[in-house]
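**Student:** Starting from these lines, generate the structure:
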Amino acid sequence: SCGAEQEYFLIDAAFAHLRPDILLAGRTLFGASPAKGQQFDDHYFAAIPERVQVFMEAVEEKLYRLGIPAKTRHNEVAPGQFEIAPYFEAANVAADHQQLLMTVLKSTATKHGFTCLLHEKPFAGVNGSGKHVNWSVANATQGNLLDPGSTPHENLNFLLFCGAVIRGVHKFGPLLRAVIASASNDHRLGANEAPPAILSVYLGTEIETIFEQIKDGKLDGIGKAGLMELGLSQIIPYQKDSGDRNRTSPFAFTGNRFEFRAVGSQQSVSGPLITMNTMLADSLNWVAEKLEAELAGGVEKTAAVIAVLKDLMNEHGAVVFGGNGYSPEWHKEAVEKRGLKNLPTTADALPYLKDAAVKTLFESTGVLTPVELASRYEVYAEQYIQSIEVEAKLVIEIAKTIIYPAALSYLSDLGKASSLGLDDTATTTIRQETNAMMAAVSKLGVAISKHDFADIETHMQYLASEVRGLMDETRAHADVLETEIADEKWPLPKYREMLFIK
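**Tutor:** Numbering: from 1, shown residues only. Take a look at the predicted model:
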């Protein structure tokens with residue numbers, strides 16, 4: 001089953017129409033950070049703006065008519081950012097509903113004078129948007145096989161299925177990173193409220209303790225999580241949730257399911273779901289073979305399960321991590337001590353679709369043939385290349401035809417003012433930044449004209465490092481100009497105008 005939370009931004013359509021980057025790339029390629037962003041958390045905890053509330057109700061009515069069960073609506077962390085979440089459904093149905101949901105969001109936004117941005121990072125410096133894919137497996141007789149129940153240390157079904165997930169994420173972590181890789185999602189992974197590009201599994205204190213015990217060859221169980229006391233006489237103490245959530249983990253256990261938090265907000269959930277289901281099937285085959293061998297040798301059932309899971313944790317337990325996934329210490333430990341892959345860009349991740357183990361995984365389970373897998377690699381790579389090339393061309397066009405003329409016009413005005421004996425520090429800054437911006441634009445133009453690459457991988461790496469680096473350099477100078485040029489002379493809607501909906 002699947003329940004995919006959908007995050008998105010809304011901005012006034014009038015602003016979007018004045019931004020070529022938003023219209024053609026879905027994100028702002030230029031834009032200085034406003035004095036106030038999300039640092040107060042006031043948008044997250046505030047009431048939904050009335051105009052947005054009307055939009056949300058219209059969306060939900062359309063979804064209801066389509067048979068799509070929307071459940072939750074709320075503000076998200078960044079100003080102008082919101083979320084809608086559905087009920088859990090069969091994964092096949094949920095994937096179709098997810099595609100319809102994105103279409104309904106965009107079409108309804110247009111009718112209400114908004115533009116709905118599903119890009120993973122439409123605004124630099126504030127939270128990006130994801131699609132948190134809540135995923136579980138169930139059958140007709142035992143229900144949710146990832147539900148630990150009140151005594152998880154005694155729930156052998158749960159322990160085996162949870163162990164199978166741990167093995168799958170460890171063995172196929174680079175594959176999971178590859179299926180959520182895109183030019184847009186690269187901006188989000190590793191940022192605030194988005195998981196890093198290192199695939200790890202968060203289990204929560206209780207479940208992690210159980211698996212650590214199993215790794216040591218025993219299963220003692222653990223005590224209760226304790227009471228939550230708020231110190232308010234009006235609210236009685238209540239039992240703490242032993243699992244809770246770790247928002248820095250890309251693959252977190254959240255009570256009775258796993259939440260794949262790294263999926264991009266504008267991506268289809270089909271690719272991640274296919275991958276998770278396939279890696280689970282492979283791991284269950286492995287678990288079944290081991291378990292059958294233990295039982296055939298006369299080992300009692302509980303002891304056999306512990307023996308299998310002990311081998312599993314010794315081999316794959318390195319992927320379990322409950323700490324801060326953003327910390328530099330974890331990045332170093334993950335790679336150097338645990339042997340996990342850190343794949344920050346799509347160019348780093350996509351080649352794993354060609355890995356021999358990945359080919360064997362899909363072919364042995366009858367999910368994808370090698371040719372079908374290769375076709376996906378080529379399509380994803382082409383999308384990545386074309387996305388960055390479009391953005392690079394837009395950076396050049398906007399810098400040359402919109403920002404540069406504005407800088408020249410304002411310099412002319414400052415030149416007239418200098419005759420009054422005023423300080424010309426601003427003139428010097430604007431002149432220097434304009435020259436630096438245009439120099440970067442010139443280098444960027446040369447960079448995107450290069451096409452003599454040995455293969456697709458080399459081309460992607462070049463775009464990820466050289467071209468994106470020059471795009472960032474151009475933007476850095478333009479964003480300084482935005483803070484120096486008179487507001488009435490700046491030709492593009494600013495962040496402070498677009499993000500705060502009235």
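**Student:** got any ranges where the stretch 251-400 of the chain has weak pLDDT?
**Tutor:** Of all residues in the stretch 251-400 of the chain, none has pLDDT under 70.
**Student:** which residue ranges form the helices in it?
**Tutor:** Taking DSSP state H, counting those that start in this stretch as the test, the helices found in the stretch 251-400 of the chain are 270-296, 301-316, 328-336, 346-349, 356-364, 370-398.
**Student:** ok, and what's touching the fourth one?
**Tutor:** The one in question is helix 346-349. The contact list for helix 346-349 (CB atoms under 8 Å, 6 or more residues apart in numbering) reads 174, 177-178, 181-183, 185-186, 197, 343, 380, 384, 457, 460-461, 463-464. C-beta here means a position set from N, CA and C on the backbone, and glycine is covered the same way.
**Student:** If you count neighbours, what's buried in stretch 5-17?
**Tutor:** Under the neighbour-count criterion of 16 or more other CB atoms under 10 Å, stretch 5-17 has 5-12, 15-16 buried.
**Student:** Out of the helices of the stretch 251-400 of the chain, the one nearest residue 90 is which?
**Tutor:** When the helices of the stretch 251-400 of the chain are compared for distance to residue 90 using CB to CB, the nearest one is helix 270-296, at 10.6 Å.
**Student:** coming back round to it: next, give me the two most distant ones among the buried residues of stretch 5-17.
**Tutor:** Using CB to CB, the buried residues of stretch 5-17 reach their maximum pairwise distance at 5 and 15, which is 26.0 Å.
**Student:** if I look at the residue nearest to residue 71 when sequence neighbours are not counted, how far off is residue 268?
**Tutor:** Sequence neighbours aside, residue 87 is the residue nearest to residue 71 in space, at 5.1 Å (criterion: CB to CB, 6 or more residues apart in numbering). Distance from residue 87 to residue 268, counting by CB to CB, to the nearest Å: 19 Å.
**Student:** of the two, who's got more company?
**Tutor:** When residue 87 and residue 268 are compared on other CB atoms under 10 Å, the one with more neighbours turns out to be residue 268, at 16 against 13.
**Student:** Residue 219 and residue 212 touch, don't they?
**Tutor:** No. In this structure, residue 219 is not within contact of residue 212 by CB atoms under 8 Å, at 10.5 Å.
**Student:** which SS class is the residue nearest to residue 72 when sequence neighbours are not counted?
**Tutor:** Counting by CB to CB, 6+ apart, residue 72 lies nearest to residue 85, which is 4.0 Å off, once chain neighbours are set aside. Reducing the assignment at residue 85 to three states with DSSP: H, G, I helix; E, B strand; the rest coil gives strand.
**Student:** What degree of burial does residue 85 show, as a neighbour count?
**Tutor:** The local packing of residue 85 (other CB under 10 Å) involves 17 other residues.
**Student:** now residue 121
**Tutor:** By the other CB under 10 Å criterion, the neighbourhood of residue 121 contains 24 residues.
**Student:** Kindly report the same for the one 10 residues further on.
**Tutor:** Other residues within reach of residue 131, judged by other CB under 10 Å, total 28.
**Student:** for the one 3 residues further on, same thing?
**Tutor:** Number of residues near residue 134 (other CB under 10 Å) recorded here: 22.
**Student:** cool, and residue 460?
**Tutor:** Other residues within reach of residue 460, judged by other CB under 10 Å, total 24.
**Student:** and the helix or strand encompassing it, what does it pack onto?
**Tutor:** Residue 460 is located in helix 456-462, with elements delineated by DSSP states H and E. Helix 456-462 is packed against helix 346-349, helix 370-398, with contacts defined by 3 or more CB pairs under 8 Å, 6 or more residues apart in numbering; DSSP states H and E.
**Student:** List of residues touching that helix?
**Tutor:** 346-347, 350-351, 378, 381, 384-385, 450-451, 453.
**Student:** Now do the same contact list for the residue nearest to residue 127 when sequence neighbours are not counted.
**Tutor:** Leaving out its chain neighbours, the residue that sits closest to residue 127 by CB to CB, 6+ apart is residue 78, at 4.1 Å. Listed by CB under 8 Å, 6+ apart, the contact partners of residue 78 are 9, 37-38, 43, 123, 126-127, 499.
**Student:** you'd agree residue 35 is up against residue 496?
**Tutor:** Yes. Assessed by CB under 8 Å, residue 35 is found in contact with residue 496 at 7.4 Å.
**Student:** more crowded one of these two?
**Tutor:** Neighbours per residue (other CB under 10 Å) separate residue 35 from residue 496, with residue 496 holding more: 15 against 8.
**Student:** in what helix or strand does that one lie?
**Tutor:** Residue 496 is part of helix 495-498, with elements assigned from DSSP H and E.
**Student:** Check the average confidence over that helix, would you?
**Tutor:** Rounded to a whole number, the mean pLDDT of helix 495-498 is 97.
**Student:** now could you export just the CA positions of it as CSV?
**Tutor:** Taking C-alpha atoms only, helix 495-498 is exported to CSV below (Å, rounded to 0.1, in the frame of the first residue of the first chain):
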residue,chain,number,x,y,z
TYR,A,495,11.1,36.5,-3.2
ARG,A,496,9.4,38.8,-0.6
GLU,A,497,6.7,39.5,-3.1
MET,A,498,6.1,36.0,-4.3
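**Student:** Which positions in that helix come out as buried?
**Tutor:** So helix 495-498, judged by 16+ other CB under 10 Å, has buried residues 495, 498.
**Student:** quick one, strands of this protein?
**Tutor:** When assigned using DSSP state E, the strands of the chain occupy the ranges 2-4, 6-12, 70-75, 81-86, 114-117, 133-135, 138-139, 143-144, 201-202, 227-228, 238-239, 251-253, 258-260.
**Student:** Which strands and helices lie in contact with the first one?
**Tutor:** Yep, that's strand 2-4 we're talking about. The elements that strand 2-4 packs onto, with contact taken as 3+ CB pairs under 8 Å, 6+ apart, are strand 81-86, helix 91-111, strand 133-135.
**Student:** go on, the fourth one?
**Tutor:** Using 3+ CB pairs under 8 Å, 6+ apart, the elements in contact with strand 81-86 are strand 2-4, strand 6-12, helix 50-66, strand 70-75, helix 91-111.
**Student:** repeat that with 7 Å
**Tutor:** For strand 81-86, the elements it packs on are strand 2-4, strand 6-12, strand 70-75, judged by 3 or more CB pairs under 7 Å, 6 or more residues apart in numbering; DSSP states H and E.
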